[in-house]
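Chemist: Prediction below, plus the sequence it came from.
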Amino acid sequence: MPSQTILITGAGGFLGSLLADTIVRLQPDLHDFRFILCDVNPPKPPTDPKAKFTILTVDLTQPSESERLFQTEMGKPDVIYSLHGIMSKGSEQDWDFGFRVNFDSTRYLLEAARRITPGVKFIFSSSVGVFGGKLPEVVLPETIATPEGAYGTAKLMCEYLITEYSRKGFVDGRVIRLPTITVRPGPPAAATTSFVSGIIREPLQGMETVCPIGSSIQDPILEKLEIWISSPTTVLEK
């Protein structure tokens, strides 16, 4: 019976906590799933009974912690989903910590993969935050990325690193530039665009919320506000 071992970093996050069950559901012909789920706090286990799993609490800003992910009872991963990170607003508020989480930890994870599972498929969650300034009406893969913040800069640096590791055959890299994911449950995240979820989520619960852009609902600036959004289901399944 074919099996698949999947490592998910950031498995306690919004998308990471949904990914394992989504993978199982989308591959009904595969009956042996093994997940290595890790985050700074213990992630929730998958709900599908077909999913075997181990849960690790790790600090990926420490190089030795990445090694642990390849030494579990689930075996060496066939696929790595790198979803961990600190969001845009949080990485601006603590610049040094933001780069340790968003860049250094990815470099350590890539190095561990290179040594232990060379050629492993490595899927990295980047962001449209790599873009800055005035953009063309249609953004293409060839559109030059010019980030204007710590978060986008770290993500773009990771993209280049993954491209180089793939060129050398160290990993088989994939980079996905995610849009703003909405609606996020719970309190606002440390993301610049967290208000997008808030202006939908809070009114539905009869609560007030604040849109930080414009001075009123009639402000003309809102007519020019364009945000690329997606639902978590679309991102995970497509």
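Modeler: Structure received. Numbering: from 1, shown residues only.

Chemist: Quick check: mean pLDDT of the longest helix seen in the chain?
Modeler: Ranked by residue count and defined by DSSP state H, the top helix of the chain is helix 150-167. Across helix 150-167, pLDDT averages out at 97.

Chemist: same deal with stretch 110-121?
Modeler: What stretch 110-121 shows for mean pLDDT is 98.

Chemist: What are the buried residues along it?
Modeler: L110, A112, A113, R114, T117, V120, K121 (16 or more other Cβ atoms under 10 Å). For the C-beta atoms, the positions are set from N, CA and C on the backbone; glycine is no exception.

Chemist: which residue packs closest to the residue sitting nearest the centre point of the chain, ignoring adjacent ones?
Modeler: For the chain, the residue nearest the mean C-alpha position is L83 (3.2 Å; Cα atoms, centre = their mean). Here the nearest residue to L83 in space, its sequence neighbours aside, is G10; by Cβ to Cβ, 6 or more residues apart in numbering that works out to 3.6 Å.

Chemist: and if you look at R174?
Modeler: R174 sits nearest to I123 (Cβ to Cβ, 6+ apart), 4.6 Å away.

Chemist: Tell me if I am right that that neighbour is in a strand.
Modeler: Yes: with DSSP: H, G, I helix; E, B strand; the rest coil as the criterion, I123 is located in a strand.

Chemist: For the residue nearest to L83, report the pLDDT, please.
Modeler: At G10, the model reports a pLDDT of 97.

Chemist: what comes into contact with the helix or strand bottoming out on mean pLDDT in the chain?
Modeler: In the chain, no helix or strand scores lower on mean pLDDT, DSSP states H and E than helix 194-204, which sits at a mean of 79. For helix 194-204, the surrounding residues in contact (Cβ atoms under 8 Å, 6 or more residues apart in numbering) are 87, 89, 180, 182-185, 188-189, 208-213, 227, 229.

Chemist: Could I get the buried residue list for that helix?
Modeler: Within helix 194-204, the residues that count as buried by 16+ other Cβ under 10 Å are S194, F195, V196, S197, G198, R201, E202.

Chemist: and of those, the nearest to P136?
Modeler: The shortest approach to P136 among those belongs to V196, at 22.5 Å (Cβ to Cβ).

Chemist: F70 reaches K76, doesn't it?
Modeler: Yes: with contact defined as Cβ atoms under 8 Å, F70 reaches K76; the gap is 5.5 Å.

Chemist: Those two: who's more crowded?
Modeler: Between F70 and K76, counted using other Cβ atoms under 10 Å, F70 has the larger neighbour count: 20 against 15.

Chemist: for the chain, what spans make up the strands?
Modeler: Counting by DSSP state E, the chain has strands at residues 3-9, 32-39, 51-57, 79-82, 120-127, 171-178, 180-181, 229-230.

Chemist: Tell me the strands beside the fifth one, with direction?
Modeler: Here strand 120-127 has these sheet partners by DSSP bridges: strand 79-82 (parallel), strand 171-178 (parallel).

Chemist: what is the mean pLDDT for the last one?
Modeler: Taken as a whole, strand 171-178 carries a mean pLDDT of 96.

Chemist: Show me which residues of it are buried.
Modeler: By neighbour count, with 16+ other Cβ under 10 Å as the criterion, the buried positions of strand 171-178 are V171, D172, G173, V175, R177, L178.

Chemist: Please apply the same query to the shortest one.
Modeler: In terms of neighbour count (16+ other Cβ under 10 Å), strand 79-82 has its buried residues at V79, I80, Y81, S82.

Chemist: what's the answer for stretch 79-95, then?
Modeler: 79-91.
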